[in-house]
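[1] Would you be able to build a 3D model of this:
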Amino acid sequence: MSQQLSVGMDDSPIATRIEEARDILRALNFDSERCNERSALVLLALLDLPPEQAWEEAQSPMVRTVALMQWLRDEYDKDYKANSRETIRRFTLHQFIEAGLVVANPDDPKRAVNSPKNCYQIEPAALELISSYGKEGFPGRLQKYLEKLPGLKSIYASAREMSRIPVTLPNGEPIFLSPGGQNVLIKEIIDEFCSRYTPGGHVLYVGDADDKWSYFEKEMLAELGVTVDAHGKMPDLVVYLPDRKWLVLIEAASSHGPVDSKRHAELKSLFAGAESKGVGPVFISAFPTKTELRKYLGSIAWETDVWCADNHDHLIHFNGERFLGPYGVPGAS
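    Next comes the predicted model:
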């Protein structure tokens, strides 16, 4: 690592500070994407370090992404657009967390990954190291930090795993979902809905807010005529009933909306290949409570069904000649 920085013709305090932050990230063995200007600016925002302040004045506030972006506008004249928030989260913060540089939601580790309250904080040992940047003892502290880093990463990884939601699929296979949000409802759907209304069914897909493809029986879906690319907007849960030739498509409507007319058409199109093979789609909107359901009553599509976790022994049927079954598919009973 070089502390003799070469910033070219632009030696303004902002340019110098950004290059210093990139130098630190390179010293911490991040790849080129995590050493670019965006990642350097994110690091500076997490440290609450304006360009004129010394590295020893770095702080470790808990920062939400929106506040981070506003701070960069104010302090570094960097105006990231609103749609850059996901890029910052997915391509910088996520890797900082995995590397042990940043802790996600230190105030509430069980907070859902898609919660608007998500916040981030520099890990204490990393803050201590970065605060010494530019000083004589920095290289030695860096070496000791890197030697201890595998242990630190292991501790934080174990804490994240302990907060995950354990779910047992109908076939007995255990999976683990990220904490909070709609995944709490997805667990209830698998535990309560599937045992009552899809006995003998095979779970082919489970969506996770943290990992869209956390459980995906791609080959079996392909055999049923369904091919989904990375951009396909899957329902939260897909269950196949081979004896009835049904594909039960369930939306967990706690964080997102239910199966409305638009979503009904999207799912019909996405699973059209199954219908051509005589496998009928069944559309379910699952809600945590009847109170939550009331917010969406006017938008739920006809020829679909609704299930509420707080009344798990009952279904609400939205018209049509069938009750919990597919429409217009020959052979799907």
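[2] Just confirm Tyr145 contacts Ala125, I think it does.
    Yes. Contact criterion C-beta atoms under 8 Å: Tyr145 and Ala125 qualify, at 6.4 Å. All C-beta atoms are positioned from the backbone trio N, CA, C, and that covers glycine.
[3] With neighbour numbers in mind, choose between these two.
    Tyr145 (19 against 16; other C-beta atoms under 10 Å).
[4] tell me the secondary structure for that one?
    What DSSP: H, G, I helix; E, B strand; the rest coil gives for Tyr145 is helix.
[5] which residues does it contact?
    Under the criterion of C-beta atoms under 8 Å, 6 or more residues apart in numbering, the neighbours of Tyr145 are 125-126, 129.
[6] out of those residues, who's nearest Leu267?
    Ala126 (44.4 Å; C-beta to C-beta).
[7] Mind pulling the model confidence for the closest residue to the closest one other than its chain neighbours?
    Distances taken as C-beta to C-beta, 6 or more residues apart in numbering put Leu101 closest to Ala126, at 5.1 Å, once the chain neighbours are dropped. With respect to pLDDT, Leu101 scores 94.
[8] and if you look at Ile165?
    For Ile165, pLDDT reads 66.
[9] Over to the closest residue to Lys78 other than its chain neighbours. Which of the three states is it?
    Closest residue in space to Lys78, ignoring its immediate chain neighbours: Leu72 at 4.4 Å, by C-beta to C-beta, 6+ apart. Here Leu72 is helix, with the state taken from three-state DSSP.
[10] I'd say Leu72 and Leu41 touch.
    Yes. In this structure, Leu72 is within contact of Leu41 by C-beta under 8 Å, at 5.5 Å.
[11] Of those two, which one has the most company?
    Leu41 (25 against 19).
[12] Doesn't that one lie inside a helix?
    Yes. Assessed with three-state DSSP, Leu41 lies in a helix.
[13] so it touches Glu19, yeah?
    No. Using C-beta under 8 Å, Leu41 is not in contact with Glu19; the gap is 11.5 Å.
[14] circling back: among the contacts of Tyr145, find me the one that's closest to Ala45.
    Closest to Ala45, out of all of the contacts of Tyr145 and judged by C-beta to C-beta, is Ala126, at 14.6 Å.
[15] and the closest one, what are its phi and psi?
    When read as degrees, to the nearest 10, the backbone of Ala126 gives phi -70, psi -40.
[16] Tell me the spacing between it and Leu169.
    The gap separating Ala126 from Leu169 is 38 Å, by C-beta to C-beta, to the nearest Å.
[17] Over to Gly207?
    For Gly207, the distance to Leu169 - C-beta to C-beta - is 14 Å.
[18] neighbour-wise, which of those two wins?
    Set Gly207 next to Leu169 and count neighbours by other C-beta under 10 Å: Gly207 wins out with 24 against 16.
[19] so who does the closest residue in space to that one that isn't next to it in sequence touch?
    Distances taken as C-beta to C-beta, 6+ apart place Asp236 nearest to Gly207, at 4.6 Å, with adjacent residues excluded. Contact partners of Asp236, counting by C-beta under 8 Å, 6+ apart, are 182, 186, 189, 206-207, 250-252, 286.
[20] 7 Å - rerun?
    The contact partners of Asp236, by C-beta atoms under 7 Å, 6 or more residues apart in numbering, come to 182, 186, 207, 250-252.
[21] From these, pick the one nearest Phe193.
    Ile250 (7.3 Å).
[22] Phi and psi next, for Asn36.
    According to degrees, to the nearest 10, Asn36 has phi -80, psi -180.
[23] Local confidence estimate at it?
    On the pLDDT scale, Asn36 gets 96.
[24] What sits closest to it if chain neighbours are left out?
    Arg22 (7.4 Å).
[25] Touching, that neighbour and Ala40? I think so.
    Yes. If you go by C-beta atoms under 7 Å, Arg22 and Ala40 touch, sitting 4.5 Å apart.
[26] I'd assumed Leu49 was in contact with Pro61.
    No. Using C-beta under 7 Å, Pro61 is not in contact with Leu49, being 10.8 Å away.
[27] can you list the domains in this protein?
    13-162, 165-318 (automatic domain parsing).
[28] Including distance to Leu324, could the ones you listed go into a markdown table?
    Below are these laid out as a markdown table (distance: least, C-beta to C-beta, whole Å):
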| stretch | distance to Leu324 |
| --- | --- |
| domain 13-162 | 29 |
| domain 165-318 | 6 |
